[in-house]
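In: Turn this into a model:
(chains A, B, C and D)
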Protein chains: 2
Amino acid sequence: MKKVPESTVGRLSLYLRLLREQSERGVITLSSEELAERAGTTAAQVRKDLSFFGTFGKRGLGYAVPELVQSLRTILGLERSWRVALVGAGKIGTALLGYQDLRKQGFVIEAVFDSDPAKVGRRWNNLVIRADNELESVLEGGIDIVIVAVPAEAAQSIVDRVTRAGVRAVLNFAPTRLTVPEDVTLKTVNMAAELEGLSYALANEVWRSQDTEEH
Amino acid sequence: MKKVPESTVGRLSLYLRLLREQSERGVITLSSEELAERAGTTAAQVRKDLSFFGTFGKRGLGYAVPELVQSLRTILGLERSWRVALVGAGKIGTALLGYQDLRKQGFVIEAVFDSDPAKVGRRWNNLVIRADNELESVLEGGIDIVIVAVPAEAAQSIVDRVTRAGVRAVLNFAPTRLTVPEDVTLKTVNMAAELEGLSYALANEVWRSQDTEEH
DNA sequence: TTGCTTTTGTGAAACGATTCACAAGGCGCC
DNA sequence: GGCGCCTTGTGAATCGTTTCACAAAAGCAA
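Out: All right, here's what the predicted structure looks like:
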């Protein structure tokens, strides 16, 4: 299989969302043109994106919506559910804990950690906040994804521990650049950086609409 | 001035953060090589990024840290402060309200809105939550940036109103694709999409470390 | 001043992603 | 079955970004 651009993966996730919407409305079939319009891209892009993974359409007809939804779920690994641990029960962390959609999408938060002894032991959504020093033992019980929601200064040492414990996927909310071994996938959500992008655009009156990512 | 890639702007914001760190440690001068190493990129990339905006270094010597910090602040529009409104006082919205760093970076939240009558009138960090129908009148008082933290279904109609009121920069936290006029800059923070990217990586055991964005 | 070392700034080359353009396939109608 | 219409899948062309490579400073020492 050829190397799949990261931007393609982002768009697949968007296509999936759009296709589900259409599916709910009873749409049975959709052309690349129609899907592209909704996704804000081109028909050729849609077809190229899908072509990395196989052939899903019928010429002259388009794509069968329920089948394509199914295929995209498989490609994106959403058939199964993933075991998630959250490190950092501050503002962002607790906001995430309450975000019920995660579970619906198959991301199940199974443990929460915080370094603050005052927080340890408190209950949050059926979960007891644990002390940081339990991190390794819990991770080795089979956590797939770790969400890092600690202050910037603490983030690198947390990912170091987490990757040493064998976790291969990390979602980082700390506004800092992290380094991970190359067999670990790291995604960073950096609101401060996005705001600076807006600041740049305003200060320089860039006049082209630009979306950060590919959905 | 040539067109500046969006990835360049993202890296500038990272360089700025790194330079400030070095500056605090008393570092006076830094080469593109040293900066690149910390930023996880190449020296050539650093120099090319900066070259879009002028010439900042001294050959044979490198960059004067305090001066470059200053230049980057100007380029990114961080010399002034920006007036921000937040729409949606749910979990994410209130987490942002408490995020004191924003103000330090020059993003001052001046108004908060929510459509829930039960929340309207409540105080949050010196701000009273206002009803949605006051949106237009407040925005016209000179808001630069709107942060959208409402459910996906409501997001498009909020950005429509906000852009009609003349706002030219929007930061979206709703997990949906939004359409804005082309003179408006839109950035989206989509945690669900990032998680799906991790899911894809795990399901397909992609073995290359990849950071979402450019910081 | 000359010569040596270092590091920038930048065209040119390489690489990667998107868009184009069209042959191949599939459906429906006569 | 044959014909016409439509839409996919994909190599080739285009476009944009990153990397390379080197001439042009700048400091320093003798």
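In: Every contact and neighbour count from this point should use C-alpha atoms.
Out: Fine.
In: Is the longest helix anywhere in chain A in proximity to DNA strand D?
Out: If you go by DSSP state H, chain A has its longest helix at helix A:6-24. No: applying CA under 7 Å from any atom of the strand, one finds helix A:6-24 separated from DNA strand D by no less than 12.5 Å.
In: all helices of chain A, in order?
Out: Under DSSP H, chain A gives helices at A:6-24, A:32-39, A:43-51, A:65-75, A:91-97, A:101-104, A:135-139, A:152-164, A:191-204.
In: Point out the one among the ones you listed that comes closest to A:Thr185.
Out: For A:Thr185, the closest of those is helix A:152-164, at 10.1 Å, according to CA to CA.
In: could the helices of chain A go into TSV alongside mean pLDDT and mean neighbour count?
Out: Shown next, in TSV, are the helices of chain A (pLDDT from 0 to 100; neighbours: other CA atoms under 10 Å in any protein chain shown):
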stretch	mean pLDDT	mean neighbour count
helix A:6-24	97	19
helix A:32-39	98	17
helix A:43-51	98	16
helix A:65-75	98	18
helix A:91-97	93	19
helix A:101-104	92	14
helix A:135-139	97	17
helix A:152-164	97	17
helix A:191-204	97	21
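In: and those as TSV, adding distance to DNA strand C?
Out: Below are the helices of chain A laid out as TSV (distance: least, CA to the nearest atom of the strand, whole Å):
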stretch	distance to DNA strand C
helix A:6-24	5
helix A:32-39	10
helix A:43-51	4
helix A:65-75	14
helix A:91-97	29
helix A:101-104	27
helix A:135-139	32
helix A:152-164	25
helix A:191-204	19
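In: can you list the ones you listed in TSV and add distance to B:Val65?
Out: Shown next, in TSV, are the helices of chain A (distance: least, CA to CA, whole Å):
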stretch	distance to B:Val65
helix A:6-24	34
helix A:32-39	43
helix A:43-51	43
helix A:65-75	46
helix A:91-97	33
helix A:101-104	43
helix A:135-139	38
helix A:152-164	21
helix A:191-204	20
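In: between those, which gets nearest to chain B?
Out: Set against chain B and scored by CA to the nearest CA, the helices of chain A come closest in helix A:191-204, at 4.4 Å.
In: Which residue of chain A lies farthest from its centroid?
Out: Note on chain A: the largest C-alpha distance from the chain mean falls to A:Gly60, namely 34.1 Å (CA atoms, centre = their mean).
In: ok now do that residue, which residues does it touch?
Out: By CA atoms under 8 Å, 6 or more residues apart in numbering or on different chains, no residues touch A:Gly60.
In: Kindly report the same for A:Leu50.
Out: A:12, A:56.
In: and the gap between it and A:Thr8?
Out: 9 Å (CA to CA, to the nearest Å).
In: Could you list the contact residues of chain A toward DNA strand D?
Out: Counting by CA under 7 Å from any atom of the strand, chain A sits next to DNA strand D at A:30-33, A:43-44, A:47-48, A:50-51, A:54-63.
In: For chain A, give the strand that spans the most residues.
Out: Criterion DSSP state E: the longest strand present in chain A is strand A:107-114.
In: Sheet-wise, list the partners of that one with their directions.
Out: strand A:82-87 (parallel), strand A:127-131 (parallel) (DSSP bridges).
In: gap between it and the chain center?
Out: Averaging C-alpha coordinates over strand A:107-114 and over its chain gives two centres that are 16 Å apart (CA atoms, centre = their mean, to the nearest Å).
In: do the same with stretch A:75-85
Out: Using CA atoms, centre = their mean, the offset of stretch A:75-85 from its chain centre is 10 Å.
In: Stretch A:3-13 now?
Out: Mean-position distance between stretch A:3-13 and its chain equals 12 Å (CA atoms, centre = their mean).
In: Just the C-alphas of that stretch, formatted as PDB.
Out: The C-alpha trace of stretch A:3-13 is given here as PDB (Å, rounded to 0.1, in the frame of the first residue of the first chain):
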ATOM      1  CA  LYS A   3       2.000   6.000   1.700                       C
ATOM      2  CA  VAL A   4      -1.200   7.700   2.700                       C
ATOM      3  CA  PRO A   5      -0.900  11.400   3.300                       C
ATOM      4  CA  GLU A   6      -2.000  12.600   6.700                       C
ATOM      5  CA  SER A   7      -4.400  15.000   5.100                       C
ATOM      6  CA  THR A   8      -6.200  12.200   3.400                       C
ATOM      7  CA  VAL A   9      -6.800  10.500   6.800                       C
ATOM      8  CA  GLY A  10      -8.200  13.800   8.100                       C
ATOM      9  CA  ARG A  11     -10.600  14.000   5.100                       C
ATOM     10  CA  LEU A  12     -11.700  10.400   5.500                       C
ATOM     11  CA  SER A  13     -12.900  11.300   9.000                       C
END
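In: can you tell me if stretch A:165-181 touches chain B.
Out: Yes: for stretch A:165-181, a contact with chain B is found by CA under 8 Å from any CA of the partner chain, at A:168-171, A:176-177, A:180-181.
In: any idea of the mean pLDDT in that stretch?
Out: For stretch A:165-181, mean pLDDT is 97.
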